[in-house]
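K.L.:
with the input below, show me the fold.
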Amino acid sequence: MVPERPHIPTTSGTLGPAPNRSICQQTEPKGKKFFLSKPSRSPYRSGCLNSEMAFQDGIWVSSDPLNPKSSPKDPGREPENNPYRPVLAQKGVVRASQISSDRGPNSSSTDSRSTNAGPNNTPGSTEIPSVRLDPEESMLRSKGLSEPVISTLMKSRKKVTASIYLKVWKVFNSWCQSPPQFPAEPNIAQILDFLQAGLSKGLKPATLKVQVSALSAVYDTDLANHRWIKRFIRAATRVNPTVKNTHPPWDLNVVLEGLTMSPFEPIEEANLKSLSYKTVFLVAICSARRIGEIQALTIRKPYCTISDDRIVLKTDPSFLPKVVSSFHRSQDVILPSFCQNPKNPLENKFHTLDVRRTVLQYIESTAPWRIDENLFLQFQGKNKGKKASKSTIARWIRNAISQTYQSQNLSSPIKIRAHSTRSVSTSWAERASASIEQICKAATWSSPHTFMRHYRLQLQSDEDLSFGRKVLQAVVPP
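P.N.:
Residues are numbered from 1 along each chain as shown. Model prediction:
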């Protein structure tokens, strides 16, 4: 704070009180001097000095009055008996980096908000909202990359992934006592302490791996292969192992049986809600696709082909799957017919599960009020006729499962997840002698290891009983 202004011109007139300002002059004493730092605008234009002068170079000026006996209407005014004394902050200056430690216990943050985010609305406060840029952009900018290149590199991952990484960074930034500044090398000891704090709170190893990936993106280094971090993650799998439930979360036989009854059949008399539930469930179970891919299905030509024994659907060309590759983008969704020409009551019952028949009925029923060309549409409310969101489609699948149980006077499964249709459908297909190649192609898995490790369920069969029975038969004859 160096330059000295001689005085405030008399043309400024009488200045009134200004909230959230550091210094305010109401009546101008002659010859009064102020020590300012690079004022950003002329004092002729306003009664209060620009608040930017208090934040220049990270400096904060206390708003406490110089003299406790000063008038409450003019706390920054100099006493009349000493008009030539310059007005300075009484409690000294505070660097911006010290704010977080001086704000008190009510400044706690959430996972999606840093400790310094947001303005302080207390009277007389001079705090301004902190602007947090994407740390990965800051890192790339510090490497000397141009803005167009940075913009392209930031599109290398999906928005939801970038959002998760940014959230992890904010949590890490809030956890650190001294947030890192870029360019900076990663502090492995600090990162391990951060992971340990999460492990102590019960975070699973999969969540810790996501945090490591997020910090790797920010620091532009492969932290996952650091020998200490690899050892820590390996230890976390022993301390807090992930237990995989290999049993089906709900019974596919029960759900299919319920879909052959009221309120889903007769299909010509079913209301829009029941028809939507049944259609989206059959499409999910017969295709084994993710909810995002089901939402992106379109009936627009040439992405929808209706044949005598099948319907072939494609996702909208603007849709980007979880894994963007030619293999994942080229797989069609084939919905085959089932018992197309029934000849007895049992086959008539099976024909009600024909996904081709159900989709055609759904397209016909939604045609009068259809707005978007997506396959699945919202059927009520102000957005009726527009494409259904992923959360809406997921809710329809859960409701379809629950209603089929309730229609048969059975208790609904607990914690139904729409994503479970992928594991249930592929596991039952394997039991029905579908090849691994067929399963991986339908579910868009480039490797069978994904199915074996994450989706394969242990379905009940007579073969599971053979080992135990043979042990007993070795001693006791059947």
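
K.L.:
you'd agree R300 is up against E373?
P.N.:
Yes - counting by C-beta atoms under 8 Å, R300 touches E373, with 4.4 Å between them. Glycine gets a C-beta too; all of them are placed from N, C-alpha and C.

K.L.:
report the residue ranges of every domain in the chain.
P.N.:
If you go by automatic domain parsing, the domain ranges for the chain are 1-107, 135-239, 255-455.

K.L.:
redo those as a markdown table? Include mean pLDDT and mean neighbour count.
P.N.:
Output for the domains of the chain, formatted as a markdown table (pLDDT from 0 to 100; neighbours: other C-beta atoms under 10 Å):
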| stretch | mean pLDDT | mean neighbour count |
| --- | --- | --- |
| domain 1-107 | 43 | 14 |
| domain 135-239 | 89 | 15 |
| domain 255-455 | 93 | 17 |
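
K.L.:
may I see the ones you listed organised as TSV, with distance to P248 added?
P.N.:
Converted to TSV, these look like this (distance: least, C-beta to C-beta, whole Å):
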stretch	distance to P248
domain 1-107	48
domain 135-239	22
domain 255-455	6
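
K.L.:
out of those, the one nearest N245 is which?
P.N.:
Each of these was scored for nearness to N245 using C-beta to C-beta, and the closest is domain 255-455 (9.9 Å).

K.L.:
off-centre distance for the closest one?
P.N.:
Offset of domain 255-455 from its chain centre (C-alpha atoms, centre = their mean, to the nearest Å): 25 Å.

K.L.:
which strand or helix spans the closest residue to D222 other than its chain neighbours?
P.N.:
Closest residue to D222 apart from its sequence neighbours, by C-beta to C-beta, 6 or more residues apart in numbering: S216 at 6.0 Å. Per DSSP states H and E: S216 is located in helix 205-219.

K.L.:
how about that helix as PDB, C-alpha atoms only?
P.N.:
Presented in PDB, the C-alpha positions along helix 205-219 are these (Å, rounded to 0.1, in the frame of the first residue of the first chain):
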ATOM      1  CA  PRO A 205     -11.900 -49.800  -2.400                       C
ATOM      2  CA  ALA A 206     -13.800 -49.000  -5.600                       C
ATOM      3  CA  THR A 207     -14.500 -45.500  -4.300                       C
ATOM      4  CA  LEU A 208     -10.900 -45.000  -3.300                       C
ATOM      5  CA  LYS A 209      -9.900 -46.000  -6.800                       C
ATOM      6  CA  VAL A 210     -12.200 -43.300  -8.200                       C
ATOM      7  CA  GLN A 211     -10.500 -40.800  -6.000                       C
ATOM      8  CA  VAL A 212      -7.100 -41.900  -7.200                       C
ATOM      9  CA  SER A 213      -8.200 -41.600 -10.800                       C
ATOM     10  CA  ALA A 214      -9.600 -38.100 -10.100                       C
ATOM     11  CA  LEU A 215      -6.300 -36.900  -8.500                       C
ATOM     12  CA  SER A 216      -4.300 -38.500 -11.300                       C
ATOM     13  CA  ALA A 217      -6.200 -36.500 -13.900                       C
ATOM     14  CA  VAL A 218      -5.600 -33.200 -11.900                       C
ATOM     15  CA  TYR A 219      -1.900 -33.900 -11.400                       C
END
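
K.L.:
who touches that helix?
P.N.:
Contact with helix 205-219 is made by 135-136, 139, 164-166, 168-169, 172, 184-186, 191, 194-195, 198-199, 222-224, 229, 233, 236-237, 240-242, as judged by C-beta atoms under 8 Å, 6 or more residues apart in numbering.
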